[in-house]
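Chemist: Give me a model of this one.
(one chain, ligands or ions: 2)
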Amino acid sequence: MPKVIYDCDPGHDDAVALLLAWGNPDIELLGVSTVAGNQTLEKVTNNARALARVAGISGVPFAAGADRPLLGPQLIPEEIHGDSGLDGPQLPAPGVELDPRHAVNLIADLVREHAPGEITLVPTGALTNIALFARMYPELIQRVGGITLMGGGHHSGNMTPAAEFNILADPEAARIVFEAAWPITMVGLDVTHQVLAVPERLAQLQGVGTDVSQFVAELIEFFGQAYMQERGYPGPPMHDPLAMAAVADPSVLRTVAADIYVETQGDYARGQTIVDFRTTWDDGEPARLGVRDAQEGTPRHRVAMDVDREKFWTLLVDALERIGNTNFA
Ligand code: BDR
Ligand code: CA
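Modeler: Ligands and ions are numbered 1, 2, ... in the order given. Reported below is the predicted structural model:
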């Protein structure tokens, strides 16, 4: 069973991802860490703690992390997530105390306490905490089983033609993370833009008929209006929940192994993730011999290419059904 540390910046889709993790029987949620991104650190941390009440989460430490990117300017996409970072539904009071540790130290403690390879990190915000973890605890990098992150893409950006928000929010951190020696699966816009919460899907979620599913519907309604207004989408992309779903059931995505690089400079390319498809290995076999020496082995990065939408929606509906009514209001 995957043991997950969820590093997030809730954020509408982060909120849905947290519910998916908590309601999924195949994920053991070990800890939740927050990072500035969709809103300030203070706001996203308050949101995470309120979500703990909505979901009925207990026995899981919640810790706050980095309040700004390593180097670049702080970007806050208020036009997408609103003034609170989670505009739409009425938020309840926090459901958990904040752990006194810095998020990076919480992650380090959990990684140390578990067997090597046991923990999967799931970052769905800027990669600042994860980069700081790699720099502060380099001896623990090898103990992390893998990272499944929402960010980037090989086809297009959303903040700029080249860059996706989570990577552009802290490109230097992203570069540190992609260069560290852990396996990474990148769940980028190529797949998340294929999973839109169009009205029929929203109705399917509402059909669960609980106070939590109603809360999710209100989140998606706000998020959807923002995406419609800003980008003309018929429904909001389920970015972060898709990364979490892929941890619960990897067959939700088709991925290929390929080296991924993060561009930190350039007038147009800062924040771009560049996938070297010349090195693509599928099913352990090099797609094109001669580019990557077989001696070098398979790249440690994988990029998500396609998604099984039905499987995704089933996982989300199942998670909400398991959570049931929490009487959080
Ligand atoms: C990512 O940016 C954030 O606004 C979302 O929460 C998601 O993690 C999509 O680009
Ligand atoms: Ca996010």
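Chemist: For the rest of this, base every contact and every neighbour count on C-alpha atoms.
Modeler: OK.
Chemist: do stretch 154-172 and ligand 1 meet?
Modeler: Yes. Figure legend: stretch 154-172 in contact with ligand 1 (C-alpha under 6 Å from any ligand atom); contacting residues 164-166.
Chemist: Phi and psi next, for Ala197.
Modeler: In terms of degrees, to the nearest 10, the main-chain angles of Ala197 are phi -80, psi 70.
Chemist: For it, which residues are in contact?
Modeler: The contact partners of Ala197, by C-alpha atoms under 8 Å, 6 or more residues apart in numbering, come to 220, 224, 235-238.
Chemist: ok, and the closest non-adjacent residue to Gly95?
Modeler: With C-alpha to C-alpha, 6 or more residues apart in numbering as the criterion, Gly95 has its nearest non-adjacent residue at 4.0 Å, and that residue is Arg53.
Chemist: How about Pro100?
Modeler: What sits nearest to Pro100 in space, not counting adjacent residues and going by C-alpha to C-alpha, 6+ apart, is Ala63, at 6.9 Å.
Chemist: Helices along the chain, start to end?
Modeler: Listed in chain order, the helices found in the chain under DSSP state H are 12-23, 41-55, 78-81, 103-113, 128-136, 165-168, 171-179, 189-192, 199-206, 211-231, 239-248, 309-323.
Chemist: before we move on, the earlier item: can you select the buried ones from the residues of stretch 154-172 next to ligand 1 in PyMOL?
Modeler: Entered in PyMOL, the line below selects the buried ones among the residues of stretch 154-172 next to ligand 1, by 16 or more other C-alpha atoms under 10 Å:
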select buried, resi 164+165+166
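Chemist: From the residues of stretch 154-172 next to ligand 1, pick the one nearest Val122.
Modeler: Out of the residues of stretch 154-172 next to ligand 1, the one with the shortest distance to Val122 is Asn166. That distance is 12.8 Å, counting by C-alpha to C-alpha.
Chemist: And that closest one, what's its pLDDT?
Modeler: In the predicted model, Asn166 carries a pLDDT score of 98.
Chemist: Now stretch 104-117: buried residues?
Modeler: Buried residues in stretch 104-117 (16+ other C-alpha under 10 Å): 104-108, 111.
Chemist: so how far is it off the chain centroid?
Modeler: Counting by C-alpha atoms, centre = their mean, to the nearest Å, stretch 104-117 is centred 19 Å from the centre of its parent chain.
Chemist: Extract the CA atoms of it and return them as PDB.
Modeler: Coordinates of each C-alpha in stretch 104-117 appear next as PDB, following Å, rounded to 0.1, in the frame of the first residue of the first chain:
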ATOM      1  CA  VAL A 104      10.800  20.000   5.600                       C
ATOM      2  CA  ASN A 105      11.600  18.500   9.000                       C
ATOM      3  CA  LEU A 106       8.300  16.600   9.100                       C
ATOM      4  CA  ILE A 107       9.100  15.100   5.700                       C
ATOM      5  CA  ALA A 108      12.600  14.100   7.000                       C
ATOM      6  CA  ASP A 109      11.200  12.600  10.200                       C
ATOM      7  CA  LEU A 110       8.700  10.500   8.300                       C
ATOM      8  CA  VAL A 111      11.200   9.300   5.700                       C
ATOM      9  CA  ARG A 112      13.600   8.300   8.500                       C
ATOM     10  CA  GLU A 113      10.900   6.500  10.400                       C
ATOM     11  CA  HIS A 114       9.900   4.300   7.500                       C
ATOM     12  CA  ALA A 115      11.800   1.700   5.600                       C
ATOM     13  CA  PRO A 116      13.800   2.700   2.500                       C
ATOM     14  CA  GLY A 117      11.600   3.000  -0.500                       C
END
